[in-house]
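Student: I would like the atomic coordinates for the input below:
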Amino acid sequence: MQIIRTIVWVLVLVALLLFSLNNWETVSVKIWEGLILDTKLPVLVFASFLLGLLPMWLLHKGAKWRFNRRISALENSVRAASVTTPVAAPVPSPLDPVAADPAAPPPAGLP
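Tutor: Predicted structure coming up:
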């Protein structure tokens, strides 16, 4: 799986390099009335991509953090529930003499 991830990243970087080489032109961006920014087109595209990616990345990290906290809380509650005190053996009733002493011979009336 690691080789597939590496191949995909190499292909993305090669595509970004080819895009940058073919579109290396100066672009004027008017920010305010008297402020104009002259930058290269690939820089502008990459900055726009990062500005769009940042909110989704932060949302993903927040959800992942919240789910990890929820899983930890559930695991701790299960762990605490499984470490309970052992239940004592039931006390045999006087009506059931066989259950009181399993090694004793059965009563005379039972086969």
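Student: can you give me the strands for this structure?
Tutor: All strands of the chain, identified by DSSP state E, fall at 26-30, 36-40.
Student: want to throw those strands into CSV with distance to Arg5?
Tutor: Bear in mind the C-beta positions are built from the backbone N, C-alpha and C, glycine included. CSV is the format used below for the strands of the chain (distance: least, Cβ to Cβ, whole Å):
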stretch, distance to Arg5
strand 26-30, 33
strand 36-40, 29
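Student: would you list these in CSV and tack on mean neighbour count and mean pLDDT?
Tutor: Shown next, in CSV, are the strands of the chain (neighbours: other Cβ atoms under 10 Å; pLDDT from 0 to 100):
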stretch, mean neighbour count, mean pLDDT
strand 26-30, 10, 92
strand 36-40, 11, 93
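Student: Need the mean per-residue confidence for stretch 45-53.
Tutor: Computed over stretch 45-53, the mean pLDDT rounds to 93.
Student: Could you export that stretch as PDB, keeping only the C-alpha atoms?
Tutor: Output in PDB follows, covering the C-alpha atoms of stretch 45-53 (Å, rounded to 0.1, in the frame of the first residue of the first chain):
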ATOM      1  CA  VAL A  45      -3.300  28.800  -7.900                       C
ATOM      2  CA  PHE A  46      -1.500  27.000  -5.100                       C
ATOM      3  CA  ALA A  47      -2.400  29.700  -2.600                       C
ATOM      4  CA  SER A  48      -6.100  29.500  -3.700                       C
ATOM      5  CA  PHE A  49      -6.000  25.700  -3.300                       C
ATOM      6  CA  LEU A  50      -4.500  26.000   0.200                       C
ATOM      7  CA  LEU A  51      -7.100  28.600   1.200                       C
ATOM      8  CA  GLY A  52      -9.900  26.200   0.100                       C
ATOM      9  CA  LEU A  53      -8.300  23.200   1.700                       C
END
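Student: Okay then, goodbye and thanks.
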